[in-house]
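**Q** Can you look at this prediction? I've put the sequence above it.
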Amino acid sequence: MAMNVVIQQQPEREAAREAQWVRANREELVERIGHAIREDGNARPLPGLHLARSSSPLERIHSVLEPSVCVIAQGSKEVLLGESRYRYDPSCYLLATVELPRISQVLEASKEKPYLSLRLELAPTLVGEILLEAGYSSHALSGWPADERAMAVSPLDANLLDAFVRLVRLLDTPAEAPVLLPLVTREIIYRLLLGEQGGRLRHLASLGGYTSSIARAIERLRRDFDQPLRIEQLARELGMSVSGFHHHFKAVTALSPLQFQKQLRLQEARRLMLVEDLDAASAAFRVGYRDASHFNREYKSLFGIPPIHDVQRLRGQILQSAGR
């Protein structure tokens, strides 16, 4: 009878130890990111590693997210991709496997408990190397669904969390970082491959299926976003029908090719007006619009207000932040 009690108690003790380990790692992640980035904003302290901090909830931010894994140490965030919403907090991680125009918003943040996060870039070649080392064959890769959405949120398990903690510890040992950063990055990728998003990550390095064709289409749209979009020609070059191309593109990105190009154009126009001081008409022409009124309508549809008012608002926010 006593033996049965001991056997029953052992899993409970192990669960309690793991819960304590997770709690300690979460606290350390908050402490180390908070120490590394003391003011609101973004930083890139190591190659491929991005940190962010905010002392208050933020308005929606439009940007292009490259293949990355994102972890929140404190606070919460929502990412919009097309009509899909992805909300995550310290219990989850977000994975993106192709470059995607996204809208993100910090939801929970305060001066006492600022939003703190990290993002680690994922190089397709490195993911491919680890796949081969882990024994995945090209046949195994082709077995995964070709229409897997290129973004998702999953629970952050104890081992993956521990690897991220060891990653941010490197910020305090710069002499060791060049040697250990690649090793910890490889471990993170390996653990992602073992997790529930392993199939999605395998697409990043896969040479088969429709995903690689969509990745090539995305690269073309990113490069030639200011050029007229010729769907028929692009689909033909990829060896797909127009309807098939539309279907697979939206399945992976949550956007149609036209919506994808439109967001790229409008984000670049916003940057040109804000950073290079172009007027709305000049920025519109630079990114491929030939009708200024059409540009103004689409700009307001995406950002909520006309270009001139939006840029004035953004400049005011910048000046206000600089005066703090």
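**A** That came in fine, so what should we check first?

**Q** make it CA atoms for all contacts and neighbour counts henceforth
**A** Fine.

**Q** Where do the helices of this protein begin and end?
**A** Remark: helices assigned in the chain by DSSP state H are 2-36, 124-133, 138-142, 158-169, 177-194, 198-205, 209-223, 231-237, 242-253, 257-275, 280-286, 292-303, 307-322.

**Q** Buried deepest among those helices, which one?
**A** Mean neighbours per residue, mean count of other CA atoms under 10 Å, is largest over the helices of the chain for helix 198-205, with a mean of 23.

**Q** helices or strands next to it in the packing?
**A** helix 124-133, helix 177-194, helix 209-223 (3 or more CA pairs under 8 Å, 6 or more residues apart in numbering; DSSP states H and E).

**Q** can I get these in JSON lines with distance to residue 315?
**A** As requested, those are exported to JSON lines (distance: least, CA to CA, whole Å):
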{"stretch": "helix 124-133", "distance to residue 315": "36"}
{"stretch": "helix 177-194", "distance to residue 315": "37"}
{"stretch": "helix 209-223", "distance to residue 315": "26"}
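
**Q** circling back to that earlier point, I'd like a version of the helices of the chain in JSON lines, one that adds mean pLDDT and distance to residue 59 as further columns.
**A** Shown next, in JSON lines, are the helices of the chain (pLDDT from 0 to 100; distance: least, CA to CA, whole Å):
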{"stretch": "helix 2-36", "mean pLDDT": "83", "distance to residue 59": "21"}
{"stretch": "helix 124-133", "mean pLDDT": "86", "distance to residue 59": "31"}
{"stretch": "helix 138-142", "mean pLDDT": "49", "distance to residue 59": "39"}
{"stretch": "helix 158-169", "mean pLDDT": "97", "distance to residue 59": "27"}
{"stretch": "helix 177-194", "mean pLDDT": "95", "distance to residue 59": "30"}
{"stretch": "helix 198-205", "mean pLDDT": "78", "distance to residue 59": "29"}
{"stretch": "helix 209-223", "mean pLDDT": "78", "distance to residue 59": "25"}
{"stretch": "helix 231-237", "mean pLDDT": "92", "distance to residue 59": "34"}
{"stretch": "helix 242-253", "mean pLDDT": "89", "distance to residue 59": "23"}
{"stretch": "helix 257-275", "mean pLDDT": "94", "distance to residue 59": "15"}
{"stretch": "helix 280-286", "mean pLDDT": "95", "distance to residue 59": "22"}
{"stretch": "helix 292-303", "mean pLDDT": "94", "distance to residue 59": "11"}
{"stretch": "helix 307-322", "mean pLDDT": "81", "distance to residue 59": "11"}
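
**Q** what's the closest of these to residue 105?
**A** Taking CA to CA, helix 292-303 is the member of the helices of the chain nearest to residue 105, at 13.3 Å.

**Q** Which residues does that closest one contact?
**A** Helix 292-303 is contacted from outside by 263, 266, 280, 281, 284, 285, 289, 305, 306, 307, 310, using CA atoms under 8 Å, 6 or more residues apart in numbering.

**Q** Check stretch 81-99 too.
**A** Stretch 81-99 is contacted from outside by 26, 64-80, 101-103, 150-156, 197, 200-201, 203-204, 215, 218, 253-255, using CA under 8 Å, 6+ apart.
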